[in-house]
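1. Could you work out the structure for the sequence below:
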Amino acid sequence: MSAAKQFAAERLMNVVLAPVISEKSTRVADKNRQYVFRVQDGATKPEIKAAVELLFKTKVQSVTVTNVKGKSRRFARFMGRRRNWKKAYVRLAAGHEINFAATE
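-> This is a model prediction of the structure:
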């Protein structure tokens, strides 16, 4: 049974929020065939794997997840804090790639 069939398609469509485009993510993509995504806070590794395979029609080799702490920010005399968020490093199988320009 494939990983995509274990989860509801509606849930998988909402797991991956956006790709993270930065110098580090570009370097990681070139060196390790990994792509970086911002994902839902409650998403698990199997859900992220199934969601990427469903959305981009690729084969995922592994998923690594990191929780990113929100930064403290000052607004006038008040201190605030940005939200915490979850980041996923998705390693694709050999021969697979994601072309963000071609996806809609």
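2. So which elements touch the longest helix along the chain?
-> The single longest helix within the chain, with elements called by DSSP state H, is helix 45-56. Contacts defined by 3 or more Cβ pairs under 8 Å, 6 or more residues apart in numbering; DSSP states H and E place helix 45-56 against helix 3-6, helix 9-13, strand 16-19, strand 34-39, strand 60-68, strand 85-92. For glycine as for every other residue, the C-beta is placed from the backbone atoms N, C-alpha and C.
3. Now mean pLDDT, mean neighbour count and distance to R27 too, for these, in CSV please.
-> Below are the helices and strands packed on helix 45-56 laid out as CSV (pLDDT from 0 to 100; neighbours: other Cβ atoms under 10 Å; distance: least, Cβ to Cβ, whole Å):
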stretch, mean pLDDT, mean neighbour count, distance to R27
helix 3-6, 68, 13, 28
helix 9-13, 90, 13, 28
strand 16-19, 96, 15, 15
strand 34-39, 96, 21, 10
strand 60-68, 96, 14, 15
strand 85-92, 97, 20, 12
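4. Next, the contact list for the residue nearest to T64 when sequence neighbours are not counted, please.
-> The spatially closest residue to T64, leaving aside those adjacent along the chain, is Y89, at 4.3 Å (Cβ to Cβ, 6 or more residues apart in numbering). Contacts for Y89 (Cβ atoms under 8 Å, 6 or more residues apart in numbering) come out as V28, Q34, Y35, V36, V63, T64, V65, T66.
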